[in-house]
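Novice: Sequence and predicted model, in that order:
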Amino acid sequence: MTDCPDLTNLPSYRPPRRSVFSARRIALMASVVAGLGIAVHGFSPSTSPSELFSSPAHAQVNNEVRKVERPVGFADIVERVKPSVISVKVNIKEKTASNDDGDDSSSPFQPGSPMERFFRRFGGPDGFPGQKGGRGRVVQGQGSGFFISADGFAVTNNHVVDGADKVEVTTDDGKTYTAKVIGTDQRTDLALIKVEGSSNFPFAKLADSKPRIGDWVLAVGNPFGLGGTVTAGIVSASGRDIGNGPYDDFIQIDAPVNKGNSGGPAFDTNGEVMGVNTAIYSPSGGSVGIAFSIPASTVKSVVAQLKDKGSVSRGWIGVQIQPVTSDIADSLGMKKAEGALVAEPQANGPAAKAGIESGDVITSVNGESVKDARELARTIGGMAPGATVKLNVLHKGQDKVVNLTLGQLPNTIEAKADTDKDSGKGASRGTDVPKLGMTVAPADSVAGAGKEGVVVTEVDPKSAAAERGFKEGDVILEVGGKSVSTAGEVRDAINTARTDNKNSVLMRVKSGGQSRFVAVPIAKG
């Protein structure tokens, strides 16, 4: 064995520093500790490092740490509510098979629609491979749901059970039962099913209060058919409109939910259902932390009607409405951009019979202010047909009260007026409208444009009109609240608005068979 070299003989050798703290350094440390509010007792320069860390001062710190309350988990809540959640399995025999090129054309959404582009339903039959059978195929889908009563009534999504030939549910204890669809509501994507086989099912309670942004939320369901799974998050937002319809009023949550969670409950920390999970925002198809739930208040209203008569009836006033933008509010002389602007009342509808006209702004219903067009649709839709309502309306700058009786919202959307794609052909070039960047011609001079208003025959792509969505073939019916039939009348209405120091002029435009109001900015001078 080679002896270790004597390092003391090396020129660079320095003796090791003292390992014992000097009295001065100890005093400095003691002052720092005292400055941190920690009492040091019995400390002396002779105290060793081991004695320092076992001193009463540090023991006191450790005791304080142990007294801190540990984070509370969700195990107790989950243990109580999870038995009420069920897995829903459906069989649907499609009437048409996929195209020969393998492209499945059975998507539930219209190509190019907001839901088709940005939102992917999860848990519906389109999320699972089908088994071919005959000329069609049998598609097996899986979703989630939950009991709302001991006798077997349960809630899920409409898109989970829509068109199902067979519905089976599996409870938390692994038992399988057959279920019957009692009723569905496509507009809110809710369905009520009845599970037979017991009268003592564990069930969940729908919450009475609205959740607050930041509240905890637990999503329970059957993601990817794996079985009962629980995830946690918070309420991210409320009142979300995801482009699914006029009754959109979703709760946004960030609890991870995926395919198969659809129809499952979102619980609050009281163990009550705050919402029903129905959609996710997912460019990739998986959870990215943005999910949407139908509020419990909506579920209560819809389920009550489905249980009573198997369908949902909604109030209807018969108007086509649009939001009041800041430009529109300025054009109408309104201080705030609130309420719902009536683009066009439907012929023989309750609103038309009560005297509501295009350009009116509905500002309140039964004394309750209307924030926007969606809120009006939800408010009226939540009322029963035949009910009498009082509407506050801004009509030509004056407030008035209108009383009317609600009709029943039609189950099917009425066909829109046909659009003549060649309406601009055969027309003269028309007359330029200064400052707006478009050319118009009398409607009666253009084939298929009707007899009212002026037709837009040309739009400068860099103009204010183009920025507001005007295109060739649009028909301008009113400018500044006055009917127009010539380019001269359009110019006169614009000049009047300019004289009145308006920043924009309001036009009623018919496009694609529907009317809308557009506020177009006008140049001064």
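Specialist: Cool, the structure landed.

Novice: Might one say that Ile92 is in contact with Ala164?
Specialist: Yes. At 5.4 Å, Ile92 counts as touching Ala164 under the criterion of CB atoms under 8 Å. Bear in mind the C-beta positions are built from the backbone N, C-alpha and C, glycine included.

Novice: show me the contacts for Val365.
Specialist: Leu376, Thr379, Ile380, Val389, Lys390, Leu391, Asn392 (CB atoms under 8 Å, 6 or more residues apart in numbering).

Novice: Distance check, it against Ser504.
Specialist: According to CB to CB, to the nearest Å, Val365 and Ser504 sit 28 Å apart.

Novice: residues making contact with stretch 218-233?
Specialist: 74, 77-78, 81-82, 85, 87-88, 123, 128, 142-144, 146, 172, 216-217, 253-268, 277, 289, 291.

Novice: Weed out the non-buried ones from these.
Specialist: In these, burial by neighbour count holds for 77-78, 81-82, 85, 87-88, 123, 128, 142-144, 146, 172, 216-217, 253-268, 277, 291, counting by 16 or more other CB atoms under 10 Å.

Novice: Run a quick neighbour tally on Gly488.
Specialist: Using other CB atoms under 10 Å, the number of residues around Gly488 comes to 11.

Novice: Helix, strand, or coil at it?
Specialist: Of the three states, Gly488 takes helix according to DSSP: H, G, I helix; E, B strand; the rest coil.

Novice: Give the buried residues for the host helix or strand of Ile494.
Specialist: Element membership of Ile494, judged by DSSP states H and E, is helix 487-499. Neighbour-count burial for helix 487-499 flags Ala487, Glu489, Val490, Arg491, Ala493, Ile494, Ala497, Arg498 (criterion: 16+ other CB under 10 Å).

Novice: what does stretch 200-207 give?
Specialist: Phe201, Pro202, Phe203, Ala204, Leu206, Ala207.

Novice: ditto for stretch 183-196
Specialist: Across stretch 183-196, burial judged by 16+ other CB under 10 Å covers Gly183, Thr184, Asp185, Arg187, Thr188, Asp189, Leu190, Ala191, Leu192, Ile193, Lys194, Val195.

Novice: Repeat that for stretch 270-289.
Specialist: Quick answer for stretch 270-289 (16+ other CB under 10 Å): 271-282, 287.

Novice: Now tabulate the residues you listed in TSV and tack on distance to Val455 and secondary structure.
Specialist: Formatted as TSV, the buried residues of stretch 270-289 follow (distance: CB to CB, whole Å; DSSP: H, G, I helix; E, B strand; the rest coil):
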residue	distance to Val455	secondary structure
Gly271	61	coil
Glu272	57	coil
Val273	53	strand
Met274	51	strand
Gly275	47	strand
Val276	47	strand
Asn277	48	strand
Thr278	42	strand
Ala279	40	strand
Ile280	43	strand
Tyr281	40	strand
Ser282	43	coil
Ser287	49	coil
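
Novice: Mind picking the two most distant members of the residues you listed?
Specialist: Pairwise distances across those (CB to CB) peak at 28.1 Å, for the pair Gly271 and Ser282.

Novice: that older thread, for the helix holding Ile494, name the packing helices and strands.
Specialist: strand 431-433, strand 438-442, strand 454-459, strand 475-479, strand 482-483, strand 504-511 (3 or more CB pairs under 8 Å, 6 or more residues apart in numbering; DSSP states H and E).

Novice: For the residue nearest to Trp316 when sequence neighbours are not counted, list the residues it contacts.
Specialist: Using CB to CB, 6 or more residues apart in numbering and skipping the chain neighbours, the partner closest in space to Trp316 is Leu409 (4.0 Å). Listed by CB under 8 Å, 6+ apart, the contact set of Leu409 reads Ser313, Arg314, Gly315, Trp316, Gly381, Pro385.

Novice: now swap in Ser313 and tell me
Specialist: Ser313 is in contact with Gln305, Ala384, Pro385, Gln408, Leu409, counting by CB under 8 Å, 6+ apart.

Novice: Export those as a markdown table, with columns for pLDDT, distance to Phe224 and secondary structure.
Specialist: Listed next are the contacts of Ser313 as a markdown table, based on pLDDT from 0 to 100; distance: CB to CB, whole Å; DSSP: H, G, I helix; E, B strand; the rest coil:
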| residue | pLDDT | distance to Phe224 | secondary structure |
| --- | --- | --- | --- |
| Gln305 | 92 | 32 | helix |
| Ala384 | 87 | 40 | coil |
| Pro385 | 90 | 42 | coil |
| Gln408 | 88 | 41 | strand |
| Leu409 | 82 | 37 | coil |
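
Novice: Can you turn the buried part of the residues you listed into a ChimeraX selection?
Specialist: Typed into ChimeraX, the next command selects the buried ones out of those (criterion: 16+ other CB under 10 Å):
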select :305,409
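
Novice: Just the closest of the contacts of Ser313 to Gly437, please.
Specialist: Distances from Gly437 to the contacts of Ser313, taken by CB to CB, are shortest for Leu409, at 39.7 Å.
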